[in-house]
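Colleague: sequence unknown, structure follows:
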Ligand code: C5P
């Protein structure tokens with residue numbers, strides 16, 4: 001069954017940990033992104049892990065291969081279970097990231113490649129005239145060849161990627177029917193994303209900004225299970 005990952009996009013660690021605590025009995029995964037990590041550092045990852053949550057550390061590395069490999073090695077010193085790099089960083093960078101993670105042995109975090117951010121609507125990616133969906137599919141094919149464990153893409157690409165590869169697929173831009181899209185452009189409901197084969201669904205604001213985050217998470221889990 002697909003895993004639900006809550007995106008804990010808070011800068012204040014008290015708000016973040018309070019939200020994580022309220023959700024830790026309901027779901028198994030959370031995501032720490034740039035906002036929380038830049039403010040709070042690796043200790044936060046381990047604190048969430050100790051709470052029983054598997055942590056997806058979403059820092060979307062994009063740099064020269066040596067720098068990304070070193071950053072992955074540093075991330076492997078935390079209890080993070082899943083890390084991201086930008087597929088557009090290219091073959092040498094992606095392969096270096098995977099090799100650095102493998103140095104950590106069997107307990108290593110998975111390395112997923114971000115294809116096209118779900119906030120990009122057609123025609124808004126600098127220098128890219130391709131349709132975001134076609135471009136995401138192309139990047140996923142490369143990520144597969146380069147040996148990444150999975151990719152990050154919108155729910156719209158999930159079915160095609162699952163059909164064409166053995167990659168794990170993680171989809172942000174998930175919005176329960178009737179909820180606000182916020183800054184996301186290529187959104188999909190949890191049920192549709194699961195029907196398309198997504199292995200992990202990332203949901204932030206529809207849970208974290210709900211009056212009752214645990215109830216919002218339970219409703220999404222019910223939709224996933226149905
Ligand atoms: O609040 P919302 O559900 O839009 O949060 C989505 C989360 O997923 C954010 O933390 C964002 O950084 C992340 N993300 C994304 N699109 C990607 C990769 C990650 O929205 N392609």
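Modeller: Looks like it arrived, so ask away. Please read these numbers as outputs of a predicted model, since none were measured by experiment.

Colleague: paired strands for the longest strand seen in the chain, with orientation please.
Modeller: In the chain, taking DSSP state E as the definition, the longest strand is strand 54-61. According to DSSP bridges, strand 54-61 forms sheet pairs with strand 29-32 (parallel), strand 82-86 (parallel).

Colleague: ok, residues contacting that strand?
Modeller: 5, 7, 28-34, 37, 45, 48-49, 68, 71-72, 75, 78-86, 89, 93, 97, 109, 114, 170, 200, 202 (CB atoms under 8 Å, 6 or more residues apart in numbering). C-beta coordinates here come from the backbone N, C-alpha and C atoms, glycine included.

Colleague: average pLDDT for it?
Modeller: Strand 54-61 shows a mean pLDDT of 98.

Colleague: list the buried ones in it?
Modeller: 54, 55, 56, 57, 58, 59, 60, 61 (16 or more other CB atoms under 10 Å).

Colleague: please name every helix or strand in contact with the lowest-mean-pLDDT helix or strand in the chain.
Modeller: Within the chain, judged by mean pLDDT, DSSP states H and E, the helix or strand with the poorest mean is helix 34-40; its value is a mean of 93. In terms of contacts (3 or more CB pairs under 8 Å, 6 or more residues apart in numbering; DSSP states H and E), helix 34-40 is packed against helix 13-23, helix 42-50, strand 54-61.

Colleague: gap between residue 96 and residue 121?
Modeller: In this view, residue 96 and residue 121 are 31 Å apart by CB to CB, to the nearest Å.

Colleague: hang on, the earlier thing: buried by neighbour count, from the contacts of strand 54-61: which ones?
Modeller: With burial judged by 16+ other CB under 10 Å, the buried subset of the contacts of strand 54-61 is 5, 7, 29-33, 37, 45, 48-49, 68, 71-72, 75, 78-86, 89, 93, 97, 109, 114, 170, 200, 202.

Colleague: follow-up on the earlier one: the ligand: which of the helices and strands packed on helix 34-40 is closest?
Modeller: Proximity to the ligand (CB to the nearest ligand atom) singles out strand 54-61 among the helices and strands packed on helix 34-40, at 5.9 Å.

Colleague: tell me the first helix or strand C-terminal of that closest one.
Modeller: The C-terminal neighbour of strand 54-61 among helices and strands, as given by DSSP states H and E, is helix 65-75.

Colleague: pull the distance from that following helix to the chain's centre.
Modeller: The chain centre lies 18 Å from the centre of helix 65-75; the measure is CA atoms, centre = their mean, to the nearest Å.

Colleague: next, count neighbours for the residue of the chain found nearest the ligand.
Modeller: Closest approach of the chain to the ligand (CB to the nearest ligand atom) occurs at residue 204, with a separation of 2.5 Å. Using other CB atoms under 10 Å, residue 204 has 20 other residues around it.

Colleague: my guess is it contacts residue 6. True?
Modeller: Yes: at 7.1 Å, residue 204 counts as touching residue 6 under the criterion of CB atoms under 8 Å.

Colleague: mutual contacts of those two, please.
Modeller: In terms of CB under 8 Å, 6+ apart, residue 204 and residue 6 are both contacted by the residues residue 31.

Colleague: residue numbers of this protein in contact with the ligand?
Modeller: Residues of the chain lying close to the ligand by CB under 6 Å from any ligand atom are 7, 9, 33, 58, 114, 117-118, 152, 172-173, 182, 184, 202-205.
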